[in-house]
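**Student:** Structure of the sequence below:
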Amino acid sequence: MAHNALLAIEICQGLRPKIDYKIPQLIFNIINQCWDEDPLKRPNAERLHSVFSDLLWNNNNEDFAIIRKQIKEADEINEKLATSFPLLFNGALSYIKHPEAFYTSRHLDFRNLPEPKNANFFETEYSDSISIDYIERNINSKGICLLLKWKKVIKYRLLEVKIFGKEEGYYEYGM
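**Tutor:** Next up, the predicted model:
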């Protein structure tokens, strides 16, 4: 995905990375807190340190037993998924770098971004990853990529029209 103004707009509209594997619920809850639209609701480094220290060093508490059980369940589920869907879990499809993506820090000067909102984890329209549903429907990997690419092209064009008022050349984007 290109790291540009459209990505910034989508993040403000609730885009968050999709987690395609099972993780313990406690960790999922912490991740969601870190992604909250309101910076005041996000845990700071001191709070995160406290939570993780308690889990690591206070292994007599109830949370420790719960997290150990969740980790074991997550490992078992992920192992089964990796065995059942090797194409999905071998990492080849998950880590394709976009030529317009930046992987180093830089200042981004985006003006007029919409108000941020939290992600709706029940919506799949923001998904950048391949879901198991597509595999189960026997669409080959090339078909999945084409489907996702068209979905993304249409979504970006609609965002351009909405944000920048550009309607000309709507059908110019192709594969």
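
**Student:** lowest average confidence, helix or strand, in the protein?
**Tutor:** Between all helices and strands in the chain, the lowest mean by mean pLDDT, DSSP states H and E belongs to helix 132-136, at a mean of 37.

**Student:** how is this protein carved up into domains?
**Tutor:** Domain segmentation of the chain under automatic domain parsing yields 1-18+94-175, 21-86.

**Student:** Mean pLDDT lowest where, among those domains?
**Tutor:** Summarising mean pLDDT across the domains of the chain, the least confident stretch is domain 1-18+94-175, with a mean of 56.

**Student:** what's the closest non-adjacent residue to Gln33?
**Tutor:** For Gln33, ignoring the flanking residues on the chain, the nearest one in space by CB to CB, 6 or more residues apart in numbering is Pro43 at 5.4 Å. For glycine as for every other residue, the C-beta is placed from the backbone atoms N, C-alpha and C.

**Student:** so what's Phe102 up against?
**Tutor:** With contact taken as CB atoms under 8 Å, 6 or more residues apart in numbering, Phe102 is in contact with His3.

**Student:** Sticking with it, tell me its helix or strand.
**Tutor:** Secondary-structure assignment from DSSP states H and E places Phe102 in no helical or strand segment.

**Student:** From Asn60, how far off is it?
**Tutor:** From Phe102 across to Asn60, the span is 45 Å (CB to CB, to the nearest Å).

**Student:** And for Glu10?
**Tutor:** Applying CB to CB, one obtains 44 Å for the distance of Glu10 from Asn60.

**Student:** So for the two, which residue has more residues nearby?
**Tutor:** Each of Glu10 and Asn60 has its neighbours counted (other CB atoms under 10 Å); Glu10 has more, 17 against 7.

**Student:** Quick one: the helices in this structure, in order.
**Tutor:** Listed in chain order, the helices of the chain (DSSP state H) span residues 5-12, 25-34, 45-57, 62-84, 86-89, 132-136, 141-164.
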